[in-house]
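A.B. asks: Please find the sequence and the predicted model below.
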2 protein chains.
Amino acid sequence: MTDAARLRGVLSPVVTPFDRDLRPDGKRLAAHCRWLLDNDVGLAIFGTNSEANSMTVPEKLRLLDELVEAGLPAGRMMPGTGCCALTDSVELTRHAVKLGCGGVLMLPPFYYKGVSDEGLYRNFAEIIERVGDDRLRIYLYHIPPVAQVPITLTLIERLLKDYPGIVAGAKDSSGDWSNTKAMLDQFQPEGFDVFPGSETFLLAALRDGGAGCISATANVNPAAIARLAATWEQADADEQQAGLDAVRKIFQTYVMIPALKAAIAHYGDDAEWNRLRPPLVELDDAARKDLVTRLDAAGFAMPGLGSR
Amino acid sequence: MTDAARLRGVLSPVVTPFDRDLRPDGKRLAAHCRWLLDNDVGLAIFGTNSEANSMTVPEKLRLLDELVEAGLPAGRMMPGTGCCALTDSVELTRHAVKLGCGGVLMLPPFYYKGVSDEGLYRNFAEIIERVGDDRLRIYLYHIPPVAQVPITLTLIERLLKDYPGIVAGAKDSSGDWSNTKAMLDQFQPEGFDVFPGSETFLLAALRDGGAGCISATANVNPAAIARLAATWEQADADEQQAGLDAVRKIFQTYVMIPALKAAIAHYGDDAEWNRLRPPLVELDDAARKDLVTRLDAAGFAMPGLGSR
């Protein structure tokens, strides 16, 4: 892969639709992916907001195949492939590389808490060695509020030194700008692409050399977020950022994943999207109505949704 | 299954040996299981101390088959079958029931944090419905320091009401006696068997009607722990408890899982046992020597280890 093919800009941790029997629905997922690409947003499928850890490895392998078979470009995909079990991570990562995915987003193994950087280093190094493919591009996924296992700056430094090129960047979902800033300052100059985990930090990250962002709300507000990523040097950038923040704030009033699905169900006129796998639950009727009322009042829309 | 077949007494979350390529070693595991059974300790394979979440579902299915094929009694087994993905939990649980396991120990889905009791209820209820077998005996696994997702008393009450008999008990690894006591007071009278997650609380639990304990250190000190479970009404019970606590205290000086493996490697004269899967790491040489020195000084031994 040449540098020109590097994943940059805005990516969405694509939400996953489930059918009546709670099976992943590859067709609906492909349609949503197409709509996101139409809006200049890349596909970080199998992320936290994708309920990826509520799916089995075979279910994820099959979904990935279905997306590629549906004609979606693997080069625009950054599937989440980091699991608790080393051998699961290897299998998913290997498949993603084989299909030509632009990169993989890798959680640390997240069951055991208080583990050492040495243990986490061994996990990532062993995956890289076992996959054994120079096309591999790993984006380390730092999301301490959920995983509870951090990717420290010290760990990044060691991995980047031993696997330059392959260790390609990070998604920082700590919500702590000082950490994102430290990643940007220390590692972005070495070609390590830093993506904050929310568009809240998009403008700040781009001004500091960052690569873009990977954000839940890019599922519902892709065009506006992608526009800021493309035009952040223009005079209205701060105004654009304020507009993005206002939309995000509405979604953050609710539990994020069901709120995203509720918006897609409503604006795409497809109630099937409201379903989640346990342990997550859908918004109740009152919350759904409340969400839509607020979004409508803010002039929010999802043009073209449901047409793909 | 009749009540007489209910799992009671002391169980060990059996540590899992890995070979040079970090593959689970079914033969060594079977030998350790035999030694534990010889010492009156049941087999809570695939627990936290088994590094179960560092193994894939196919690896666990195969290991379970290997143990049964090796002649180990499934009725004495309580494999951990609770995964992040509902569909993984169903597959593992179904297989355990098919093989005749005495019960299954079920973690809540542990990736998403701050989930609702409603979502956790749906997870367990859906597993029970999908497995659809009256022989199923579920032991709910409450281990908030690691899973970070609790099994609340309210959740237990609801599950027990809807699935009496099938919801058979709990392992409480909170380390919070007041929680164990509340489980014992509220649910043990209904035939819900409460196992504290450490022998530290064994005597207290038995005096309060509890079923036994499921403890990491039963991997290394099985006979003494099982003896207290069998003779807790005798005059020397408090003295026995103090002896167990002294041994446990030595192991707790180190990271528990590598310390257990180091002891098995040393006293069983089999260095292969020192291996762990990332993200866990083995004790360094100094810690290993220190552990053995302390154990020797305390008169600790593992008679018969390595002979099976």
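C.D. replies: Alright, I've got the coordinates.
A.B. asks: Stretch A:234-248: how far from the chain's middle?
C.D. replies: In terms of C-alpha atoms, centre = their mean, to the nearest Å, the gap separating the centre of stretch A:234-248 from the centre of its chain is 21 Å.
A.B. asks: got the contact list for it?
C.D. replies: With C-beta atoms under 8 Å, 6 or more residues apart in numbering or on different chains as the test, stretch A:234-248 has contacts from A:198-200, A:202-203, A:217, A:220-221, A:224-225, A:227-228, A:231-232, A:295, A:298, A:300. (C-beta placed from N, C-alpha, C; glycine too.)
A.B. asks: buried ones in it?
C.D. replies: A:237, A:240-241, A:243-244, A:247-248 (16 or more other C-beta atoms under 10 Å in any protein chain shown).
A.B. asks: For A:Asp176, state which of these is nearest.
C.D. replies: A:Arg248 (16.9 Å; C-beta to C-beta).
A.B. asks: Output the helix or strand where the closest one lies as PDB - backbone C-alpha positions only.
C.D. replies: Assigned by DSSP states H and E, A:Arg248 falls within helix A:237-251. Presented in PDB, the C-alpha positions along helix A:237-251 are these (Å, rounded to 0.1, in the frame of the first residue of the first chain):
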ATOM      1  CA  ALA A 237     -14.100  26.400  10.400                       C
ATOM      2  CA  ASP A 238     -14.900  27.400  14.000                       C
ATOM      3  CA  GLU A 239     -18.500  28.000  13.000                       C
ATOM      4  CA  GLN A 240     -18.600  24.600  11.300                       C
ATOM      5  CA  GLN A 241     -17.200  23.000  14.500                       C
ATOM      6  CA  ALA A 242     -19.900  24.700  16.600                       C
ATOM      7  CA  GLY A 243     -22.500  23.300  14.300                       C
ATOM      8  CA  LEU A 244     -21.200  19.700  14.600                       C
ATOM      9  CA  ASP A 245     -21.000  20.100  18.400                       C
ATOM     10  CA  ALA A 246     -24.600  21.200  18.600                       C
ATOM     11  CA  VAL A 247     -25.800  18.000  16.800                       C
ATOM     12  CA  ARG A 248     -23.500  15.800  18.800                       C
ATOM     13  CA  LYS A 249     -24.800  17.300  22.000                       C
ATOM     14  CA  ILE A 250     -28.400  16.200  21.100                       C
ATOM     15  CA  PHE A 251     -27.300  12.600  20.600                       C
END
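A.B. asks: Run the angle between the next helix or strand after it and helix A:237-251 for me.
C.D. replies: With elements assigned by DSSP H and E, the helix or strand that comes after helix A:237-251 is helix A:256-267. Interaxial angle, helix A:256-267 versus helix A:237-251 (axes from the mean of the first three to the mean of the last three C-alpha atoms, to 10 degrees): 100 degrees.
A.B. asks: As PDB, could you dump the C-alpha coordinates of helix A:256-267?
C.D. replies: Below are the C-alpha coordinates for helix A:256-267, written out as PDB (Å, rounded to 0.1, in the frame of the first residue of the first chain):
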ATOM      1  CA  MET A 256     -25.400   6.800  22.000                       C
ATOM      2  CA  ILE A 257     -25.800   3.500  20.100                       C
ATOM      3  CA  PRO A 258     -29.600   3.200  20.400                       C
ATOM      4  CA  ALA A 259     -29.900   6.900  19.700                       C
ATOM      5  CA  LEU A 260     -28.000   6.500  16.500                       C
ATOM      6  CA  LYS A 261     -30.100   3.600  15.400                       C
ATOM      7  CA  ALA A 262     -33.300   5.500  16.300                       C
ATOM      8  CA  ALA A 263     -32.300   8.400  14.100                       C
ATOM      9  CA  ILE A 264     -31.400   6.100  11.200                       C
ATOM     10  CA  ALA A 265     -34.800   4.300  11.700                       C
ATOM     11  CA  HIS A 266     -36.700   7.500  11.700                       C
ATOM     12  CA  TYR A 267     -35.000   9.500   9.000                       C
END
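A.B. asks: Which residues does that helix contact?
C.D. replies: Here helix A:256-267 has contacts from A:15, A:17, A:32, A:49, A:51, A:216-217, A:219-220, A:251, A:253-254, A:270-276, A:280-283, A:287-288, A:291-292, A:295, A:301-302, A:305-306, using C-beta under 8 Å, 6+ apart.
A.B. asks: Close to chain B: what parts of the stretch 51-200 of chain A are there?
C.D. replies: A:53-57, A:59, A:84-88, A:91, A:108-113, A:115-116, A:118-120, A:122-123, A:126, A:145-149 (C-beta under 8 Å from any C-beta of the partner chain).
A.B. asks: Now that you've got these, can you turn the buried subset into something I can paste into PyMOL?
C.D. replies: Buried residues among these (16+ other C-beta under 10 Å), as a PyMOL selection:
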select buried, chain A and resi 53+54+55+56+57+59+84+85+86+87+88+91+108+109+110+111+112+115+119+120+122+123+126+146+147+148+149
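A.B. asks: Which members of the residues of the stretch 51-200 of chain A next to chain B are positioned in strands?
C.D. replies: Residues of these located in strands (DSSP state E): none.
A.B. asks: Which ones among the residues of the stretch 51-200 of chain A next to chain B lie within helices?
C.D. replies: A:57, A:59, A:86-88, A:91, A:118-120, A:122-123, A:126, A:145-147 (DSSP state H).
A.B. asks: quick one, strands of the stretch 151-300 of chain A?
C.D. replies: Listed in chain order, the strands of the stretch 151-300 of chain A (DSSP state E, counting those that start in this stretch) span A:167-172, A:193-196, A:212-214.
A.B. asks: export these to a markdown table and tack on mean neighbour count and mean pLDDT?
C.D. replies: Converted to a markdown table, these look like this (neighbours: other C-beta atoms under 10 Å in any protein chain shown; pLDDT from 0 to 100):
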| stretch | mean neighbour count | mean pLDDT |
| --- | --- | --- |
| strand A:167-172 | 28 | 98 |
| strand A:193-196 | 28 | 98 |
| strand A:212-214 | 29 | 98 |
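A.B. asks: hang on, the earlier thing: could you work out the most separated pair of the ones in helices among the residues of the stretch 51-200 of chain A next to chain B?
C.D. replies: Taking C-beta to C-beta, no two of those sit farther apart than A:Glu59 and A:Glu118, at 32.2 Å.
A.B. asks: in chain A, which ranges drop under the pLDDT threshold?
C.D. replies: A:1-3, A:308 (pLDDT under 70).
A.B. asks: Tell me the residues of the stretch 201-308 of chain A that contact chain B?
C.D. replies: Going by C-beta under 8 Å from any C-beta, the residues of the stretch 201-308 of chain A near chain B are A:277-281.
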